[in-house]
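Undergrad: any chance you can model this:
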Amino acid sequence: MGSPDSLDSPDSLELDELMPWSVRPLRTGRSWVAGPDPAALRARWERLAAAEGAEQERLFRPSRSRTPHTAVAALPGRSATGAGTAAGTGRFAREPGDCPDPVRILHGPFDEQWLLPDHRLIDAARPELWRVSDERQLFAVEHGYVPQAQATGLAPAPALSVTHLLPDGHSPAGRPGRIRPLYRRPGAADPNLAPGLLAVVRARLDPEATPEAVLAWTLAAAVPTPSGCRVPLP
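TA: Next up, the predicted model:
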């Protein structure tokens with residue numbers, strides 16, 4: 001197998017070459033839509049829905065992308081609200097509907113939190129991730145390169161983490177990392193692997209190799225570099 005000393009050799013590939021499809025991380029635009037306690041999120045939502053006018057604006061914390069008057073398509077897979085519209089389609093100021101059930105997300109490598117899945121409240125929810133998120137999906141999250149960590153002489157921190165939860169992309173490196181779903185479609189269909197890669201792995205290493213096995217190798221071998229994540233080949 002390759003090593004960090006040979007990351008510029010043909011035995012090492014950029015992560016983009018192995019898993020071509022990546023998505024920028026979520027950007028909520030307001031911190032109150034996520035937290036460790038789903039009951040607290042429901043209470044915040046109910047308070048916002050009950051407020052009016054300037055008070056609702058203040059609680060909402062508007063941005064260029066979202067205000068209480070923003071009309072936006074619902075997130076994929078979200079159920080209807082009590083107002084009879086898909087969650088997130090009506091302007092919040094006019095028809096907030098019922099509070100959507102908070103969903104689990106991964107905030108950083110190890111911090112599981114909850115998020116209000118209302119597209120009206122999230123600046124950049126990345127609907128393409130919600131569309132492919134199901135019980136079979138796995139997400140690889142890049143952590144970025146930390147020069148200070150390399151200067152200590154210690155082994156580099158893991159370049160990636162993998163989760164079945166929808167990740168927000170928060171990174172220990174201080175800037176959000178890109179998110180790479182293992183599958184391009186729900187139901188574990190259409191692996192997000194370079195064309196022909198799985199066939200080569202099966203021919204050379206293991207005839208029963210799965211996309212999950214390729215991801216496991218990538219997770220174990222990937223190394224952060226200033227130019228991006230690289231993966232030594234087995």
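
Undergrad: so residue 63 is in which element?
TA: Residue 63 is part of no helix or strand, with elements assigned from DSSP states H and E.

Undergrad: residues in contact with the closest residue to it other than its chain neighbours?
TA: Using Cβ to Cβ, 6 or more residues apart in numbering and skipping residues adjacent in sequence, the residue nearest residue 63 is residue 29, 4.5 Å away. In this view, the C-beta of every residue, glycine as well, is placed from N, C-alpha and C. By Cβ atoms under 8 Å, 6 or more residues apart in numbering, the contact list for residue 29 reads 61, 63, 65, 66, 122, 123, 124.

Undergrad: spit out the contact partners of the most centrally placed residue in the chain.
TA: Nearest to the geometric centre of the chain sits residue 167, at 3.3 Å (Cα atoms, centre = their mean). Residues in contact with residue 167 (Cβ under 8 Å, 6+ apart) are 25, 26, 105, 106, 107, 139, 141, 179.

Undergrad: among those, which ones are in strands?
TA: 105, 106, 107, 139, 141, 179 (DSSP state E).

Undergrad: rewinding a little: list just the nearest of the contacts of residue 167 to residue 72.
TA: Within the contacts of residue 167, proximity to residue 72 (Cβ to Cβ) peaks at residue 26, which comes in at 14.7 Å.

Undergrad: next, give phi and psi for the closest residue to that closest one other than its chain neighbours.
TA: Closest residue in space to residue 26, ignoring its immediate chain neighbours: residue 168 at 4.5 Å, by Cβ to Cβ, 6+ apart. The phi/psi pair for residue 168 (degrees, to the nearest 10) reads phi -90, psi 0.

Undergrad: state the pLDDT value of residue 168.
TA: Per-residue confidence (pLDDT) for residue 168: 86.

Undergrad: which elements pack onto the lengthiest helix in the chain?
TA: In the chain, assigned by DSSP state H, the helix with the most residues is helix 38-50. In terms of contacts (3 or more Cβ pairs under 8 Å, 6 or more residues apart in numbering; DSSP states H and E), helix 38-50 is packed against helix 53-60, strand 111-115.
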